[in-house]
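Enquirer: pasting the sequence and the predicted model now:
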Amino acid sequence: MGNGPAEIRFYLKRDSYGCFSNFANFPVEIGGRLWKTTEHYYQAQKYAGTEYEEIIANIEAPFRAKKMAKKEGLPKRKEWYEVKFDVMMEAVTAKFNQHPMLQDILVSTGNAILKEHTELDHYWGDGGDGTGRSRLGEALMMVRSSFPEYDAVFYEPPWLVFPGYEPEDEFWNDGIGKDYLVAYHPWHNKLSADAANEYHRYCPPPMKWLPFLSGII
């Protein structure tokens, strides 16, 4: 059993917890207009009030919006590096307030540490090796704690917490093992269907656990 909170890493939008990515296809309404993704909004704000804000806003794919925004020679806001975290917070706050399904998933991560796992970004991501600042994860955790349903509780599945024990072992019928299941069971049962789906995509049960899961989850 590890010390400290669990860690949830995400990156590609198609993977588990990929909905936390700014590239995920969830539109947001900010400033009286609808943005295709939070990535579109964030990248466009580098050029707020210029024609490039509109150009970026109307690009179809978020990765193309990002590519356009990084083009050399464009008139980026002078104060961009001072305000970019605030812009991200605005985008992430809107996203999870406007999509109840995403809010459920985010709140379900409890006190787990969230990190965008990529070697391509040392500011928003973890740098791939944990040396990055993980500021997107920080923004997500700040938004997560703002919801009244947030209870700062997250349980990793028993097969990860106690990997040395087989599902049929007596360990689960008494002592630490039983205590863990007694806490884990009601927590897991409170997860929404969407939150449970992301959780089990991230922590898939080993085949040997499948016959026993009906009594646990």
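Expert: Sure, I can see it. Numbers count the residues shown, from 1 in each chain.
Enquirer: kindly report the domain assignment for this protein.
Expert: The domain map for the chain lists 7-144, 158-215, with the assignment taken from automatic domain parsing.
Enquirer: tell me the pLDDT of Phe20.
Expert: According to the prediction, Phe20 has pLDDT 98.
Enquirer: go ahead and confirm it touches Leu106.
Expert: Yes - using C-beta atoms under 8 Å, Phe20 is in contact with Leu106, at 7.3 Å. Bear in mind the C-beta positions are built from the backbone N, C-alpha and C, glycine included.
Enquirer: just so I have it, where are all the helices in the chain?
Expert: 38-44, 51-57, 62-69, 80-98, 100-108, 135-144, 158-161, 175-189, 193-202 (DSSP state H).
Enquirer: so which of those is the most surrounded?
Expert: helix 38-44 (a mean of 25; mean count of other C-beta atoms under 10 Å).
Enquirer: if we can go back for a sec, lowest-confidence stretch among the domains of the chain?
Expert: Among the domains of the chain, domain 158-215 scores lowest, at a mean of 93.
Enquirer: centre of the chain to that domain, how far?
Expert: Remark: domain 158-215 is offset 22 Å from the chain centroid, using C-alpha atoms, centre = their mean, to the nearest Å.
Enquirer: how close does the residue of the chain positioned farthest from its centre get to Gly177?
Expert: Largest separation from the mean C-alpha position in the chain: Glu170, at 35.8 Å (C-alpha atoms, centre = their mean). Relative to Gly177, Glu170 is positioned 8 Å away (C-beta to C-beta, to the nearest Å).
Enquirer: ditto for Ala6
Expert: The value you get for Ala6 to Gly177, if C-beta to C-beta is used, is 18 Å.
Enquirer: what's near enough to touch the residue nearest to Ile105 when sequence neighbours are not counted?
Expert: Distance criterion C-beta to C-beta, 6 or more residues apart in numbering; nearest residue to Ile105, sequence neighbours excluded, is Ala195 at 4.9 Å. By C-beta atoms under 8 Å, 6 or more residues apart in numbering, the contact set of Ala195 is 104-105, 107-108.
Enquirer: need the contact list for the residue lying closest to Glu54 once chain neighbours are set aside.
Expert: The shortest distance from Glu54 to any non-neighbouring residue, by C-beta to C-beta, 6+ apart, is to Ala44 (7.9 Å). If you count contacts by C-beta under 8 Å, 6+ apart, Ala44 has them with 35, 52-54, 56-57, 65, 69.
Enquirer: can you count the residues close to Glu7?
Expert: Close neighbours of Glu7, defined as other C-beta atoms under 10 Å, add up to 15.
Enquirer: relative to Phe10, how far out is Met16?
Expert: Actually, residue 16 is Ser. It isn't Met. From Ser16 to Phe10 the distance is 7 Å (C-beta to C-beta).
Enquirer: just the CA trace of stretch 148-159, in CSV.
Expert: Listed next in CSV are the C-alpha coordinates belonging to stretch 148-159 (Å, rounded to 0.1, in the frame of the first residue of the first chain):
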residue,chain,number,x,y,z
PRO,A,148,-19.6,20.8,-3.2
GLU,A,149,-19.5,17.0,-4.0
TYR,A,150,-15.7,16.9,-3.6
ASP,A,151,-14.7,14.7,-0.7
ALA,A,152,-11.0,14.2,-1.3
VAL,A,153,-11.3,10.4,-1.3
PHE,A,154,-10.0,8.1,-4.0
TYR,A,155,-9.4,4.4,-3.7
GLU,A,156,-7.1,2.4,-6.0
PRO,A,157,-8.5,-1.1,-6.7
PRO,A,158,-7.4,-3.9,-4.3
TRP,A,159,-5.4,-5.7,-6.9
